[in-house]
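# starting from these lines, generate the structure:
(chains A and B)
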Amino acid sequence: MKQENTILENKNFRPLDLKKKMRPGESVIQSLLFISGVLSVFITVAIVYELGKEALLFFNNPDVTLAKFFGTTRWQPGIGLFGIWPLVTSTLITSAIAIFVSLPLGLAASLFLSEYASPKARSALKPILEILAGIPTVVYGYFALLFMTPLLQKIFGEGVQVYNMASAGIVMGIMILPLISSMSEDALSAVPRVLREGAYAMGATKFETSLQVVLPAALSGIGAALIIGISRAVGETMIVAIAAGAGPNFTFDPFKAAETMTGHIARISGGDLSYNTIDYTSLFAVALMLFLVTLVLNLISQTIINRFRQRYE
Amino acid sequence: MQNTQIPEYAIETKNLFVFYGSFAAVSEVNLKIEKQKVTAIIGPSGCGKSTLLRAFNRMNDFVPSSYVTGEVLMRGQNIYGSNIDPVEVRRNIGMVFQKPNPFPKSIYENIAWGARINGFKGNMDELVEQSLRGAALWEEVKDLLKKNAYELSGGQQQRLCIARTIAIQPDIILMDEPASALDPISTLRIEELMQELKKNYTIIIVTHNMQQAARVSDYTAMMMLEKDGSRSGTVIEFSETKKIFTNPKDKRTEDYVTGRFG
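Sure, this is the predicted structure:
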């Protein structure tokens, strides 16, 4: 006790010096952080630049016009057919099926985990759900082809082709289910407890509280989960390459085979391609289109979420 | 015989204990809360004031491993009876919390939501207006009904929470330190509002502010940890506020209200 007092009473152990000091550690860290930030932006810009540059070669080809690109419905660049729509529609159809499967299931699972499950059940179930996210997509692809397609054929009959968009879409939905449910659960759990208590104190049942107070309050987080889910579905390649079909096909029948943008890029670039041919540059046009579709879908979801989100705090 | 009498009290507790696991947070509480009066629960931090209050509308049900022994009687029915629906209990015993917690919805919807889930079928616009008037908030928000409740000030939010509570017409309103997060002027408005509300409702308020208890309440329950070192809170004295503050029977109450302790 005595000793402590003497140390603390010695106010002159450090002379008063208010001059500016060099702090090299601070500036090193600051520059490292700055470089990391710039690097990720730079990489994104570089990818878009490269995409755009090669795609420009494609659009500069005298046979290609924007009218053909957006105005026709057959895609076979080797023989002069440049309609992008068959690839776009199949991407949109498989992704829509995936979201249609994963959003309601994922929301229900996340509501159960955050509002109904006991802490013990939650800590057991959440990791199991997340294991689903660790399964390689090639496994999902064959799961679609060898399990989901026969199942669909059993239910819907012979109209279901061996390769079809429905089977790939459903399995993609299963693939993004853990992502949606896990992120939504985080969003629901982050809703302050006092809001739930406020609802219960009004005589709300658990279901009314979960669905009408907690869920709307968590909407922005759930929206973020949905956006990432859509991006995953639109960009998913292996499942659709294996199960959705090989060859562009302009159809709105989910039981028919149709190649998506990603599946098309994977298949064509897997074959022999020489630089500067129309087949080669066309892939960059498809990739650019894929980029645009993802961007537009993200913007749309963001707008919808902003409109419906509820602000607390 | 006693159970068949017409109950004169809003709430009566008989030998009430509240447990968290094996720990009795509140023990042996016997209170008779008068109708249409303001009853304050005071006492030092951690003595179980909020736990006791939350036992009155079964909010402790949400704390895992909590349970209650003894009885809490409301109009002769034990709200912890085996055939009691806690949702129905809470529809009749409203609650206002320490930190204002309006729903992240519009001001209008904050009031309409509770009424709707409770089966209100009448004129919603009228109910919203009357509830807001009842909480002395109407004049300030009548042109902002579509705005998000979180755009209001803290004091306004708390009055909105009172408004949504009276919109479901409970018998009793529980208030858990309703002004502790508010500035003095907002606090004064809440206190004035309580005097209005007690004409129609029984109010039980937890407060750590003794001046507030003295100003607003008709009856005061003084809580304190048990002397035996068990960390369990109990009501050591309960009577008219005047008596508690001027002529307390228990030495510990006297020490507390005169500021010699706590």
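
# drop to CA atoms for contacts and neighbour counts, all remaining ones
Noted.

# buried ones in the helix or strand hosting A:Leu151?
Assessed by DSSP states H and E, A:Leu151 sits inside helix A:149-156. Residues of helix A:149-156 classed as buried: A:Thr149, A:Pro150, A:Leu152, A:Gln153 (neighbour count, 16 or more other Cα atoms under 10 Å in any protein chain shown).

# number of residues surrounding A:Ala266?
A:Ala266 has 15 neighbours, counted by other Cα atoms under 10 Å in any protein chain shown.

# I figured it was touching A:Ala241, is that so?
Yes: the pair A:Ala266 / A:Ala241 is scored as a contact, 7.3 Å apart, by Cα atoms under 8 Å.

# contact partners of stretch B:85-94?
Outside stretch B:85-94, the residues that touch it by Cα atoms under 8 Å, 6 or more residues apart in numbering or on different chains are A:200-205, B:56-58, B:79, B:118, B:165-166, B:168-174.

# pLDDT on it, on average?
Per-region confidence: stretch B:85-94 scores 94 on mean pLDDT.

# now that stretch: buried residues?
Neighbour counts using 16+ other Cα under 10 Å place B:Pro86, B:Val87, B:Glu88, B:Val89, B:Arg90, B:Arg91, B:Asn92, B:Ile93, B:Gly94 of stretch B:85-94 among the buried residues.

# what's near enough to touch residue 114?
All of this refers to chain A. Contacts of A:Ser114 by Cα under 8 Å, 6+ apart are A:Arg122, A:Glu185, A:Leu188, A:Ser189.

# hm, I was asking about chain B
So B:Gly114 contacts A:Ala199, A:Met202, A:Gly203, A:Ala204, B:Arg164, B:Thr165, B:Ala167, B:Ile168 (Cα under 8 Å, 6+ apart).

# quick one: it from A:Asp253, how far?
46 Å (Cα to Cα, to the nearest Å).

# from memory A:Ile239 sits against A:Ala168, does it?
Yes: using Cα under 8 Å, A:Ile239 makes contact with A:Ala168 at a distance of 6.1 Å.

# the two: which is more packed in?
Legend: neighbour count by other Cα under 10 Å for A:Ile239 and A:Ala168, higher for A:Ala168 (33 against 26).

# would that one count as being in a helix?
Yes: according to DSSP: H, G, I helix; E, B strand; the rest coil, the state of A:Ala168 is that of a helix.

# that one and chain B, how far apart?
To chain B, A:Ala168 is 39 Å away according to Cα to the nearest Cα, to the nearest Å.

# buried sites along stretch A:263-279?
Across stretch A:263-279, burial judged by 16+ other Cα under 10 Å covers A:Gly263, A:His264, A:Ile265, A:Ile278, A:Asp279.

# can you check stretch A:208-226 too?
For stretch A:208-226, the neighbour count (16+ other Cα under 10 Å) marks A:209-210, A:213-226 as buried.

# show the contacting residues for the closest residue to chain B within chain A.
Relative to chain B, the nearest point of chain A is A:Gly203 (4.4 Å; Cα to the nearest Cα). By Cα under 8 Å, 6+ apart, the contact set of A:Gly203 is B:Val87, B:Glu88, B:Val89, B:Arg90, B:Arg91, B:Gly114, B:Ile117, B:Asn118.

# next, it: secondary structure please.
coil.

# local confidence estimate at it?
93.

# for A:Pro254, see how far away it is.
As judged by Cα to Cα, A:Gly203 and A:Pro254 stand 46 Å apart.

# same question, B:Gly81
Look at B:Gly81 and A:Pro254: by Cα to Cα, they are 56 Å apart.

# look at the two and report which has more neighbours.
Neighbour count, other Cα under 10 Å: between B:Gly81 and A:Pro254, A:Pro254 has more, with 20 against 13.

# wait, the more buried one sits on A:Asn164?
Yes: when contacts are counted by Cα under 8 Å, A:Pro254 is listed as touching A:Asn164 (6.5 Å).

# list the contacts of the closest residue to A:Leu273 other than its chain neighbours.
Computed as Cα to Cα, 6 or more residues apart in numbering or on different chains, the closest residue to A:Leu273 that is not its neighbour in sequence is A:Tyr280, at 6.3 Å. Counting by Cα under 8 Å, 6+ apart, A:Tyr280 makes contact with A:Ser269, A:Leu273, A:Ser274.

# burial count for residue 118?
Going with chain A. By other Cα under 10 Å, neighbour count at A:Ser118 equals 13.

# not what I meant, chain B
Neighbours of B:Asn118 under the rule other Cα under 10 Å: 16.

# cool, and B:Arg189?
For B:Arg189, the count of nearby residues is 16 (other Cα under 10 Å).

# with A:Ser40 instead?
For A:Ser40, using other Cα under 10 Å, the count is 11.

# pretty sure it sits in a helix.
Yes: applying three-state DSSP, one finds A:Ser40 inside a helix.

# returning to that earlier point: how near is the residue nearest to A:Leu273 to B:Met74?
From A:Tyr280 to B:Met74 the distance is 80 Å (Cα to Cα).

# now, the contacts of stretch B:85-94 that are in helices?
Assigned to helices by DSSP state H, the following of the contacts of stretch B:85-94 qualify: A:Tyr200, A:Ala201, B:Thr165, B:Ile166.

# and those, which two are furthest apart?
In the ones in helices among the contacts of stretch B:85-94, two members sit farther apart than any others by Cα to Cα. They are A:Tyr200 and B:Ile166, at 14.8 Å.

# out of those two, which sits in the more crowded spot?
A direct count of neighbours by other Cα under 10 Å for A:Tyr200 and B:Ile166 places B:Ile166 higher, at 28 against 25.

# residues contacting that one?
When contacts are counted by Cα under 8 Å, 6+ apart, B:Ile166 touches B:Gly94, B:Ser131, B:Gly134.

# now do A:Gly83
A:Lys68, A:Phe69, A:Phe70, A:Gly71, A:Thr72, A:Thr73, A:Arg74, A:Trp75 are the contacts of A:Gly83 under Cα under 8 Å, 6+ apart.

# about what we covered before: in a markdown table: the contacts of B:Ile166, plus secondary structure.
Converted to a markdown table, the contacts of B:Ile166 look like this (three-state DSSP):
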| residue | secondary structure |
| --- | --- |
| B:Gly94 | strand |
| B:Ser131 | helix |
| B:Gly134 | helix |
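
# quick one on the thing from earlier: what about burial for the contacts of A:Gly83, which qualify?
Buried among these (16+ other Cα under 10 Å): A:Lys68, A:Phe69, A:Thr73, A:Arg74, A:Trp75.
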